[in-house]
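Colleague: sequence and predicted model, in that order:
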Amino acid sequence: MKLKEEFLKQYKIIMKDEFHAFLNGFSLPRSHGLRLNPLKCTQYENNPYLKSILRKHRLVDHGFYYQKSAQPGRHPYHFAGVYYIQDPSAMMVIENADIEENDVVFDMCAAPGGKSTHILGKLNQTGLLISNDINNKRAKILSENIERMGTTNALVISTDPKLLNKDFYGYFDKVIVDAPCSGEGMFRKDEQTIVDWSLDKVKTCATIQKSLLDTAYHLVKENGLIIYSTCTFSSLENEEVIKDFLTKHQDVTILPTIKNNHIKDGFKPFEKCSRFYFHHFDGEGHFIAKMKKTAIDKQFKKTKSKSLKKASQEKTSLLNKYLDTYLNHFTLKHDIYDFNNHLYTLHYNKPLPNLDDIKIIRYGLHLGEIKKNRFEPSHALALALKPTQVKSVINFQSDCDEVIKYLSGETIYYPGNQRYTLLTVDNFSLGWVKQVNNVLKNYYPKGLRIKK
Ligand SMILES: C[S@@+](CC[C@H](N)C(=O)[O-])C[C@H]1O[C@@H](n2cnc3c(N)ncnc32)[C@H](O)[C@@H]1O
């Protein structure tokens, strides 16, 4: 790995005696991690596959290490949302966020969804997550990753977070700013970050980061938490950004982050922050700061959306007809919204602020689509349902050829004539098939299909 001269020059001064160990870290083998999705699986010891590949991450509730050769990203469990693959140091961001059930959380820079999926596990289908990424394309990937987790309380949006300042002022219990950065901590993972790195990029990122933190200040409520994180080592993007923030907002206090011998202090006077280095921690490079806003200022004022459209009686009855025919123990307790014939429901029972100017990518759970006077269930609904909630279920073991056939979009022969059927792998929901005359017609979404 060839690092740029300008990069090396800086870190020789910053890291002092540790410089050679720091440099050596860039050549150490990478660690690989995943978090089990507690909404689907908590007992990994009872599962022979998971037991054989996982080693516990000591600081993260459902976090684990695995050997690269295990390739869990290609296993059917990945497609069933049993886990989310995430760098072991990145997992520490949400471990520091003290997320509690019923919290209202904003993940400001959320794609592809590592932090959001972690938050959703901790919320345990209570409270609300608003998950945002300014980049539309990345927000769609974020939405797909959230869909896999099977949650019903996440609103995925794509907007400049500044646009939320007015209607969401003081709305959130926790705001996560996992900021865009120069990515020095990702040099081992992605060589392109080395090519793209420059001191100018570091400075440009720092300007964006300062502005994102200012927005976070407006959005969080009194005594709410702001978690700021980057995957870079540069103090210009870390401690200097925090210094700027605390200078502008004197009521913000900095709180201690989780530490052990492998997690290092932030640079003085920000020792309470965490630094993750390759040569100390089994994971990529990161920085985490935890802060609390203490000011009593303007309170959040309710403003209703005018543009959200509730589903008509006619469409709701088509949906209900489907639910009665195919599902068990599944009752809709929240309003159904209609986005161009796609029906959504958000499991959150308090009124939401005005969303009129905000691009909504996913309004909670995508139930399905009204097509030619009938309701067609969505893939998201399959992933959110437990097998016991569906009248017709076919289960395959994860090493069965049929599972790979299904994920690659092939038709499967299977005796029966049950119509909409949930296909499960080792009893984890994987997607819909339509069983007609001994053939399982494949409803696995085209965009998600794998190449055999
Ligand atoms: C470090 S990545 C986030 C990783 C993500 N939190 C995760 O855990 O998977 C930073 C993200 O910030 C987004 N971004 C950049 N500028 C932004 C802005 N002004 N507002 C919101 N998101 C922004 C980028 O599109 C990128 O997806």
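Modeller: Cool, got the structure. Numbers count the residues shown, from 1 in each chain.

Colleague: Leu318 reaches Phe375, doesn't it?
Modeller: Yes. If you go by Cβ atoms under 8 Å, Leu318 and Phe375 touch, sitting 4.5 Å apart. For the C-beta atoms, the positions are set from N, CA and C on the backbone; glycine is no exception.

Colleague: those two: which is more packed in?
Modeller: Phe375 (23 against 19; other Cβ atoms under 10 Å).

Colleague: list the beta-bridge partners for that one.
Modeller: Ile370 (DSSP bridges).

Colleague: how near is it to Leu327?
Modeller: 12 Å (Cβ to Cβ, to the nearest Å).

Colleague: check Leu381 too.
Modeller: Using Cβ to Cβ, Leu381 is found at 9 Å from Leu327.

Colleague: helices along the stretch 201-350 of the chain, start to end?
Modeller: Per DSSP state H, counting those that start in this stretch, the stretch 201-350 of the chain carries helices over the ranges 239-248, 313-326.

Colleague: residues of the first one that come out buried?
Modeller: When you say that, I think you mean helix 239-248. Neighbour-count burial for helix 239-248 flags Glu239, Glu240, Val241, Ile242, Asp244, Phe245, Leu246 (criterion: 16 or more other Cβ atoms under 10 Å).

Colleague: now do stretch 304-311
Modeller: Under 16+ other Cβ under 10 Å, the buried positions of stretch 304-311 are Ser305, Leu308, Ala311.

Colleague: who's in contact with the second one?
Modeller: Contacts here follow Cβ atoms under 8 Å, 6 or more residues apart in numbering; on that basis Leu308 touches Tyr337, Leu355, Tyr363.

Colleague: verify the contact between Ser89 and Gly283 for me.
Modeller: Yes. Here Ser89 lies in contact with Gly283, judged by Cβ under 8 Å, at a distance of 3.2 Å.

Colleague: neighbour count winner among these two?
Modeller: Applying other Cβ under 10 Å to Ser89 and Gly283 shows that Ser89 carries more neighbours, namely 29 against 25.

Colleague: now do the longest strand anywhere in the chain against helix 239-248: the angle between them, please.
Modeller: For the chain, the strand that runs over the most residues, judged by DSSP state E, is strand 220-230. Note on geometry: by axes from the mean of the first three to the mean of the last three Cα atoms, to 10 degrees, strand 220-230 and helix 239-248 are set 160 degrees apart in direction.

Colleague: strand 220-230 vs the ligand: in contact?
Modeller: No. Residues of strand 220-230 are not located near the ligand by Cβ under 6 Å from any ligand atom, the shortest gap being 7.4 Å.

Colleague: just give the strands next to that strand in its sheet, each with its orientation.
Modeller: According to DSSP bridges, strand 220-230 forms sheet pairs with strand 172-178 (parallel), strand 286-293 (antiparallel).

Colleague: residue contacts, Lys350?
Modeller: Lys350 makes contact with Leu128, according to Cβ under 8 Å, 6+ apart.

Colleague: now the strand or helix carrying Lys115: mean pLDDT?
Modeller: Assigned by DSSP states H and E, Lys115 belongs to helix 114-123. The pLDDT scores in helix 114-123 average 98.

Colleague: now do the contacts for Glu5.
Modeller: Here Glu5 is in contact with no residue (Cβ under 8 Å, 6+ apart).

Colleague: confidence score at it?
Modeller: 95.

Colleague: where does it fall, phi/psi-wise?
Modeller: Main-chain dihedrals, Glu5, degrees, to the nearest 10: phi -50, psi -50.

Colleague: returning to that earlier point: what do Phe375 and Leu327 both touch?
Modeller: What both Phe375 and Leu327 touch, as defined by Cβ under 8 Å, 6+ apart, is an empty set.

Colleague: residue ranges in the stretch 151-300 of the chain under the pLDDT threshold?
Modeller: For the stretch 151-300 of the chain, the stretches with pLDDT under 70 are 297-298.

Colleague: what does it put close to the ligand?
Modeller: Asp160, Pro161, Asp178, Pro180, Leu212.

Colleague: export those to JSON lines and tack on distance to Lys446?
Modeller: Below are these laid out as JSON lines (distance: Cβ to Cβ, whole Å):
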{"residue": "Asp160", "distance to Lys446": "31"}
{"residue": "Pro161", "distance to Lys446": "32"}
{"residue": "Asp178", "distance to Lys446": "31"}
{"residue": "Pro180", "distance to Lys446": "31"}
{"residue": "Leu212", "distance to Lys446": "35"}
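
Colleague: just the buried members of these?
Modeller: Buried, going by 16+ other Cβ under 10 Å: Pro161, Asp178, Pro180, Leu212, out of these.

Colleague: got a list of what the residue of the stretch 251-400 of the chain found nearest the ligand touches?
Modeller: The stretch 251-400 of the chain approaches the ligand most closely through His286 (10.2 Å), counting by Cβ to the nearest ligand atom. If a contact means Cβ under 8 Å, 6+ apart, then His286 has Ser89, Ala90, Met92, Val93, Gly185, Ser229, Thr230, Cys231, Ser274, Arg275, Phe276 as its contacts.

Colleague: what does Tyr420 give?
Modeller: Going by Cβ under 8 Å, 6+ apart, Tyr420 touches Tyr322, Tyr326, Pro377, Ser392, Trp432, Lys434.

Colleague: give me the common contacts of Ser89 and Gly283.
Modeller: Counting by Cβ under 8 Å, 6+ apart, the residues touching both Ser89 and Gly283 are Phe276.

Colleague: which stretches of the stretch 351-452 of the chain have low pLDDT?
Modeller: In the stretch 351-452 of the chain (pLDDT under 70), no residue qualifies.

Colleague: okay, helices next: where are they in it?
Modeller: Applying DSSP H, counting those that start in this stretch to the stretch 351-452 of the chain gives helices spanning 379-384, 401-407.

Colleague: same deal with the stretch 51-200 of the chain?
Modeller: Remark: helices assigned in the stretch 51-200 of the chain by DSSP H, counting those that start in this stretch are 76-79, 91-95, 114-123, 136-149, 192-196, 199-219.

Colleague: in TSV, list those helices along with distance to Pro351.
Modeller: Putting the helices of the stretch 51-200 of the chain into TSV (distance: least, Cβ to Cβ, whole Å) gives the following:
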stretch	distance to Pro351
helix 76-79	35
helix 91-95	27
helix 114-123	19
helix 136-149	22
helix 192-196	42
helix 199-219	17
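
Colleague: and of those, who's closest to Lys386?
Modeller: helix 136-149 (13.7 Å; Cβ to Cβ).

Colleague: now check that closest one, is it near the ligand?
Modeller: Yes. With Cβ under 6 Å from any ligand atom as the criterion, the ligand is reached by helix 136-149 at Arg138.
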